[in-house]
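Engineer: Need coordinates for the following:
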Amino acid sequence: MKKQIPHFKFAFLLPQYWPIWIIIGILRLIVFLPHSGRMCCGRILGDMVYFLSPKLRKITTINIGLCFKEKSEEERRALVRKSYHSLGKGIIETGMAWWLSTEKLKSLYEVSGLDTLDTLQAQKKGVLLFGIHQSSTELGGRIAALNRPLHVMYQPTRNPLLDWLMYRYRSRIYLSLIPSHDVRRLIRLLQDNERVWYAPDQAPSPRRSVYVPFFNVLTASSTTTSQILELSGSPVMVCTYSRRADDKGYVVEGYPLKDFPAGNVEGDALRLNQVSESIIRQYPEQYLWQYKRFKATPPGEVDVYAEV
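Structural biologist: Residues are numbered from 1 along each chain as shown. I've put the predicted structure just below:
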């Protein structure tokens with residue numbers, strides 16, 4: 001399929017898009033604040049989203065309830081609220097990823113696993129960087145790309161202005177952006193010994209998924225990662241981005257996923273789910289819980305979002 005590059009349209013100046021431009025302007029101003037001020041704004045923004053989006057709040061509550069049954073009702077409510085604070089901070093961090101100077105950003109993070117990444121790439125088979133959607137992913141990607149240039153697969157959005165904005169600013173960060181449907185291009189890049197970041201944890205294709213447990217809930221889980229690696233012969237490295245608990249900086253970590261794929265579709269999908277769970281449990285509030293992760297369940301199962 002031919003690559004579709006979003007272009008600026010004069011229609012983006014129409015009144016229907018003014019709210020987005022206003023938000024972008026405010027976000028850009030917030031980036032100029034000290035980091036503590038940015039995080040404070042993120043927390044306030046998270047509270048606003050929490051109170052103004054009851055539907056989204058209900059989805060988040062359902063997801064956290066399914067994944068953390070061992071927690072008390074009070075603990076789950078607290079985690080829901082923290083997840084919105086993290087979501088708000090993630091929106092501010094998107095502005096940081098797009099506009100904060102490299103000099104100011106360098107004082108805010110530490111990176112580990114670069115030597116391992118270099119060793120894997122020395123095999124001349126490319127490296128697939130496996131990740132999940134955490135609230136600080138946009139900024140984490142900028143940090144990773146500053147240390148080792150990379151390509152990234154992304155999901156185009158339905159809003160044409162947002163799609164153009166994301167493409168415009170992300171294209172300054174990464175070597176290239178690969179639309180989520182263009183798996184063939186991803187494989188070609190790996191065969192050319194490139195580094196590609198890929199996060200398959202959201203909305204897996206029904207044709208390329210199996211039902212395996214995620215937090216002990218049977219749900220559709222992508223099989224594309226193992227198929228990509230089988231076709232390319234590339235190694236895979238888990239790449240995580242996290243915000244420090246004190247909000248004073250970020251940690252980007254990478255480590256190899258050994259003996260993967262193992263040749264069993266269900267087993268490979270389950271292992272990636274287990275890896276994702278281990279990442280999420282470190283900072284559970286930093287995962288993006290605000291989408292219908294358990295929408296695709298085995299036939300006959302109850303739709304947990306039926307009343308949303």
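
Engineer: Run through the strands of this protein in chain order.
Structural biologist: For the chain, the strands defined by DSSP state E occupy 109-112, 127-130, 151-154, 177-179, 195-198, 209-214, 217-222, 236-243, 250-256.

Engineer: from the ones you listed, which stretch is densest packed?
Structural biologist: strand 127-130 (a mean of 26; mean count of other C-beta atoms under 10 Å). Bear in mind the C-beta positions are built from the backbone N, C-alpha and C, glycine included.

Engineer: Okay, now the sheet partners of it, with direction.
Structural biologist: Sheet pairing of strand 127-130 (DSSP bridges) gives strand 195-198 (parallel), strand 236-243 (parallel).

Engineer: In a markdown table: those, plus mean pLDDT and distance to residue 19.
Structural biologist: Shown next, in a markdown table, are the strands paired with strand 127-130 (pLDDT from 0 to 100; distance: least, C-beta to C-beta, whole Å):
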| stretch | mean pLDDT | distance to residue 19 |
| --- | --- | --- |
| strand 195-198 | 96 | 30 |
| strand 236-243 | 96 | 27 |
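
Engineer: want to try JSON lines for those, with distance to residue 45 as columns?
Structural biologist: Listed next are those as JSON lines, based on distance: least, C-beta to C-beta, whole Å:
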{"stretch": "strand 195-198", "distance to residue 45": "26"}
{"stretch": "strand 236-243", "distance to residue 45": "15"}
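
Engineer: now for those, which one comes closest to residue 280?
Structural biologist: Residue 280 lies closest, by C-beta to C-beta, to one member of these: strand 236-243, at 9.9 Å.

Engineer: Could you check how far that closest one is from the centre of its chain?
Structural biologist: 10 Å (C-alpha atoms, centre = their mean, to the nearest Å).

Engineer: Number of residues surrounding residue 134?
Structural biologist: If you count neighbours by other C-beta atoms under 10 Å, residue 134 ends up with 24.

Engineer: what about it, distance to residue 142?
Structural biologist: 14 Å (C-beta to C-beta, to the nearest Å).

Engineer: again with residue 287
Structural biologist: Separation of residue 287 from residue 142 (C-beta to C-beta): 19 Å.

Engineer: Look at residue 3 and report its pLDDT.
Structural biologist: Residue 3 is assigned 51 on the pLDDT scale.

Engineer: who's in contact with residue 135?
Structural biologist: 86-87, 89-90, 93, 243, 286-288 (C-beta atoms under 8 Å, 6 or more residues apart in numbering).

Engineer: Where helices are concerned, which of those residues count?
Structural biologist: Among the contacts of residue 135, DSSP state H puts 86-87, 89-90, 93 in helices.

Engineer: which one of the residues you listed sits closest to residue 231?
Structural biologist: Once C-beta to C-beta is applied, the member of those that ends up nearest residue 231 is residue 90, at 32.7 Å.

Engineer: what's the spacing between the residue nearest to the spatial centre of the chain and residue 289?
Structural biologist: Centroid check for the chain by C-alpha atoms, centre = their mean gives residue 133 as the closest residue, at 2.3 Å. As judged by C-beta to C-beta, residue 133 and residue 289 stand 10 Å apart.
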